[in-house]
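Student: next comes the sequence, and after it the predicted model I'd like to discuss.
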Amino acid sequence: MLITDILQRLQIIDRLIQKEKTGTPSELASKLGLSDRSVYEYLTLMKSLNAPIKFCPIRKSYYYDKKGRLVMSFEESKIGTKND
């Protein structure tokens with residue numbers, strides 16, 4: 001699997017978690033075309049990146065325990081030159 005595919009799935013999961021519209025693990029797996037086990041692996045990866053993910057059994061959705069989003073991108077430095 002390409003890293004771009006992994007990053008794209010992480011972005012989708014992140015957006016769904018922010019909106020609290022993931023559904024159950026099985027529903028999320030279905031939305032992403034993944035197995036339940038793969039969903040758990042993605043969630044574990046996100047948690048290892050300090051994403052405060054929780055599951056609400058009443059709303060049947062994952063959510064972030066704190067406001068925020070997962071950020072994984074290149075950020076250009078405003079200081080220095082490319083020879084630093």
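Tutor: Received it, and whenever you're ready, just let me know what you need.
Student: export the longest helix along the chain to PDB, keeping only CA atoms.
Tutor: The longest helix of the chain (DSSP state H) is helix 3-19. Taking Å, rounded to 0.1, in the frame of the first residue of the first chain, the C-alpha atoms of helix 3-19 are listed here in PDB:
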ATOM      1  CA  ILE A   3       1.900   6.000   1.900                       C
ATOM      2  CA  THR A   4      -0.400   8.400   0.000                       C
ATOM      3  CA  ASP A   5      -3.300   5.900   0.400                       C
ATOM      4  CA  ILE A   6      -2.600   5.700   4.100                       C
ATOM      5  CA  LEU A   7      -2.500   9.500   4.500                       C
ATOM      6  CA  GLN A   8      -5.700   9.900   2.500                       C
ATOM      7  CA  ARG A   9      -7.500   7.400   4.700                       C
ATOM      8  CA  LEU A  10      -6.200   9.100   7.800                       C
ATOM      9  CA  GLN A  11      -7.500  12.400   6.500                       C
ATOM     10  CA  ILE A  12     -10.900  10.900   5.900                       C
ATOM     11  CA  ILE A  13     -11.100   9.200   9.300                       C
ATOM     12  CA  ASP A  14     -10.000  12.500  10.900                       C
ATOM     13  CA  ARG A  15     -12.800  14.500   9.200                       C
ATOM     14  CA  LEU A  16     -15.400  11.900  10.100                       C
ATOM     15  CA  ILE A  17     -14.200  11.900  13.800                       C
ATOM     16  CA  GLN A  18     -14.300  15.700  13.900                       C
ATOM     17  CA  LYS A  19     -17.900  15.600  12.600                       C
END
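Student: any weak-confidence spans in the protein?
Tutor: 1, 73-75, 80-84 (pLDDT under 70).
Student: follow-up on the earlier one: go through the longest helix of the chain and flag the buried ones.
Tutor: Arg9, Leu10, Ile13, Asp14, Leu16, Ile17, Gln18 (16 or more other C-beta atoms under 10 Å). C-beta: built from backbone N, CA, C; applies to glycine.
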